[in-house]
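> please work out how this folds:
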Amino acid sequence: MTHGHDVLHMMEGNSYASRRELVEAIIAKFGPDERFCTCSAEGMTAAELVDFLEAKGKFMPAEADGFTVDVSKVCNH
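Residues are numbered from 1 along each chain as shown. Now for the predicted structure:
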């Protein structure tokens, strides 16, 4: 299982035009069968992880259209 922090770090310096684009990037990097965990949840698909991270306020608007990770909201443990 891959930790959500790895996905947030993958997003650093990148922006995504849509949630779908981010989910596709996660699947391309980690594989379609990978499941994800965080400090408080586990067993999530890529789409479920994106929903979870969005609900936790981990994203911010990008300079162009879309969004990126809010690095100030990535815990470092």
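> just the strands from the protein, written as ranges.
Secondary structure of the chain (DSSP state E): strands at 2-3, 36-37, 59-61, 67-69.
> out of those, which comes closest to Glu21?
Between Glu21 and these, the shortest gap by C-beta to C-beta is with strand 67-69, which sits at 9.8 Å. From N, CA and C alone the C-beta is placed, and that goes for glycine too.
> next, work out how far apart Lys29 and Ser72 are.
23 Å (C-beta to C-beta, to the nearest Å).
> would CSV of the strands of the chain with mean neighbour count be doable?
Output for these, formatted as CSV (neighbours: other C-beta atoms under 10 Å):
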stretch, mean neighbour count
strand 2-3, 16
strand 36-37, 19
strand 59-61, 15
strand 67-69, 20
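> for the nearest residue to Tyr16 once chain neighbours are set aside, give me its contacts.
Using C-beta to C-beta, 6 or more residues apart in numbering and skipping residues adjacent in sequence, the residue nearest Tyr16 is Leu22, 4.2 Å away. With contact taken as C-beta atoms under 8 Å, 6 or more residues apart in numbering, Leu22 is in contact with 11, 16, 50.
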